[in-house]
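Participant: have a look at this prediction, sequence included:
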Amino acid sequence: MSEENITRINLDGKEVIIIGTAHVSKQSAEQVKEVIEAEQPDSVCVELDQQRYKSIKDGNKWKEMDVFKVIKEKKATMLLMNMMISSFQNRMAKQFGINPGQEMIQGIESAEETDANLVLADRNIQVTFSRIWRNLGFKGKFKLLMSIVYSIFNNEEISEEELERMKSQDMLDSVLQEFSQSFPRLKKPLIDERDQYLSQKIREAPGDKVVAILGAAHVPGVKEEIHRENNLKELNKIPPKSKTPKIIAWAIPIFILSVIVYTFITNPSAGTYQALSWILWNGSLSAIGVAIAMGHPLAILTAFIVAPISSLNPLLAAGWFAGFVQAFVRKPNVSDFERLSEDVHSLKGFWQNKVTRVLLIVVMANIGSSLGTFIGGADVIRVFLENL
């Protein structure tokens with residue numbers, strides 16, 4: 001049995017065997033099967049949480065999605081980003097002729113075949129996302145989103161040999177170093193904290209012999225953390241939301257309304273111009289966003305009407321209304337959900353599938369409305385200053 005990518009640790013009499021894998025590598029999946037069959041461990045730890053485990057076991061989850069519920073619960077943007085990330089991994093996996101996360105699936109199957117305890121060792125994905133998002137400023141969030149979008153729609157292919165080389169210690173260290181420099185605030189919740197969480201779950205796994213299947217990026221950190229006790233309760237805490245964004249979200253519309261009202265009282269024609277500028281910039285840019293997403297004319301009209309109002313109320317968003325209208329007049333059917341896993345592989349598919357088109361309309365309408373708020377707001381302030 002090859003010992004490449006395998007780390008053996010003695011932990012107070014417990015033998016821990018860590019397999020460092022690449023999530024779309026055929027060789028990794030084969031090695032997982034070989035190691036578990038040879039070692040016959042008491043427990044198998046996989047880098048999954050309950051949510052991702054359920055997704056793997058339930059291949060038809062997309063068919064059960066309620067688009068109206070997604071919009072109502074304000075999850076359209078997060079779901080769209082999840083789909084984009086998934087599409088990137090699926091595209092790579094398709095290139096190598098295997099399923100994404102095949103090594104984790106193999107770990108689950110091999111644990112069942114050898115009667116080993118299956119331990120879901122990773123932190124809940126929503127907790128990780130929340131801790132990442134709340135630790136990034138506006139610039140960091142924008143940079144992260146652009147990086148994800150670029151990586152998804154970049155058609156550059158890599159060889160499986162290059163993928164395997166990424167699991168070597170030297171390559172891994174350089175990748176993590178570059179990652180830390182690009183997103184210094186992101187590395188802590190995405191890598192460091194999960195290293196601590198994974199290592200603690202491995203420590204607590206029942207039995208004297210444990211096989212742990214981890215993405216290669218986590219192996220160095222887990223090797224270091226596994227000899228320490230880590231508090232899972234603390235690692236599962238979601239940081240409280242900052243009050244500053246909420247204050248700003250209400251302060252901007254109150255300020256804009258106050259400026260328009262004051263200008264209208266002192267100079268009605270200038271105040272009328274301000275109101276029209278606000279309506280046209282907000283409505284037009286939000287409508288253009290929906291049009292770019294190939295929305296129905298009624299969805300485009302809805303965005304135009306709602307955006308100037310929703311921009312003055314942080315509890316509302318033009319995208320929600322445009323998305324509801326689009327989903328009502330162009331309701332996704334069963335075939336759209338069945339094709340979803342394939343359509344998210346390409347930019348064209350995102351625009352053609354009725355499910356992702358609704359999500360794109362929600363996001364694009366909100367982006368357009370946000371741009372309209374900045375441009376229209378600047379024009380309102382310009383007219384105000386000119387009439388002082």
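Facilitator: That came through fine.
Participant: tell me the pLDDT of residue 333.
Facilitator: For residue 333, the pLDDT comes out at 72.
Participant: how about residue 363?
Facilitator: The predicted local confidence for residue 363 is 86.
Participant: am I right that it is in contact with residue 320?
Facilitator: No. Between residue 363 and residue 320 there is no contact under CB atoms under 8 Å: 10.9 Å. C-beta here means a position set from N, CA and C on the backbone, and glycine is covered the same way.
Participant: confirm residue 19 sits in a helix?
Facilitator: No. Secondary structure of residue 19 (DSSP: H, G, I helix; E, B strand; the rest coil): strand, not part of a helix.
Participant: in contact with it, which residues are there?
Facilitator: Contact partners of residue 19, counting by CB atoms under 8 Å, 6 or more residues apart in numbering, are 5-6, 28, 31-32, 35, 103, 211-214.
Participant: go on, residue 222?
Facilitator: Counting by CB under 8 Å, 6+ apart, residue 222 touches 18, 195, 198-199, 202, 212, 214.
Participant: please redo it, this time with the cut-off set to 7 Å
Facilitator: By CB atoms under 7 Å, 6 or more residues apart in numbering, the contact set of residue 222 is 18, 195, 198-199, 214.
Participant: could you point out the longest helix in this protein?
Facilitator: Identified as the longest helix of the chain according to DSSP state H is helix 354-386.
Participant: count of neighbours near residue 116?
Facilitator: Residue 116 has 24 neighbouring residues, counting by other CB atoms under 10 Å.
Participant: grab the nearest non-local neighbour of it.
Facilitator: Nearest residue to residue 116, sequence neighbours excluded (CB to CB, 6 or more residues apart in numbering): residue 44, at 4.8 Å.
Participant: equivalent analysis for residue 228, please.
Facilitator: Among residues not flanking residue 228 along the chain, residue 199 sits closest, at 7.6 Å (CB to CB, 6+ apart).
Participant: the residue nearest to residue 116: which element?
Facilitator: Secondary structure from DSSP states H and E places residue 44 in strand 43-46.
Participant: would you list the strands that that strand pairs with, along with their directions?
Facilitator: Sheet partners assigned to strand 43-46 using DSSP bridges are listed as strand 117-120 (parallel), strand 209-215 (parallel).
Participant: neighbouring contacts of that strand?
Facilitator: Contacts for strand 43-46 (CB under 7 Å, 6+ apart): 36, 104, 107-108, 110-111, 116-121, 201-202, 205-207, 210-213.
Participant: C-alpha coordinates for stretch 34-46, PDB please?
Facilitator: Output of stretch 34-46 as PDB, limited to C-alpha atoms (Å, rounded to 0.1, in the frame of the first residue of the first chain):
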ATOM      1  CA  GLU A  34      -7.400   0.900  -0.400                       C
ATOM      2  CA  VAL A  35      -6.400   2.400   3.000                       C
ATOM      3  CA  ILE A  36      -9.700   1.700   4.800                       C
ATOM      4  CA  GLU A  37      -9.800  -1.900   3.500                       C
ATOM      5  CA  ALA A  38      -6.200  -2.500   4.600                       C
ATOM      6  CA  GLU A  39      -6.400  -0.800   8.000                       C
ATOM      7  CA  GLN A  40      -9.900  -1.900   9.100                       C
ATOM      8  CA  PRO A  41     -10.300   1.200  11.400                       C
ATOM      9  CA  ASP A  42     -12.800   1.600  14.200                       C
ATOM     10  CA  SER A  43     -13.900   5.000  12.900                       C
ATOM     11  CA  VAL A  44     -13.700   6.800   9.600                       C
ATOM     12  CA  CYS A  45     -13.800  10.700   9.700                       C
ATOM     13  CA  VAL A  46     -14.800  12.500   6.600                       C
END
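Participant: so what's the gap between that stretch and the chain middle?
Facilitator: Offset of stretch 34-46 from its chain centre (CA atoms, centre = their mean, to the nearest Å): 31 Å.
Participant: list the buried residues for that stretch?
Facilitator: Judged by neighbour count (16 or more other CB atoms under 10 Å), stretch 34-46 contains these buried residues: 35-36, 39, 41-46.
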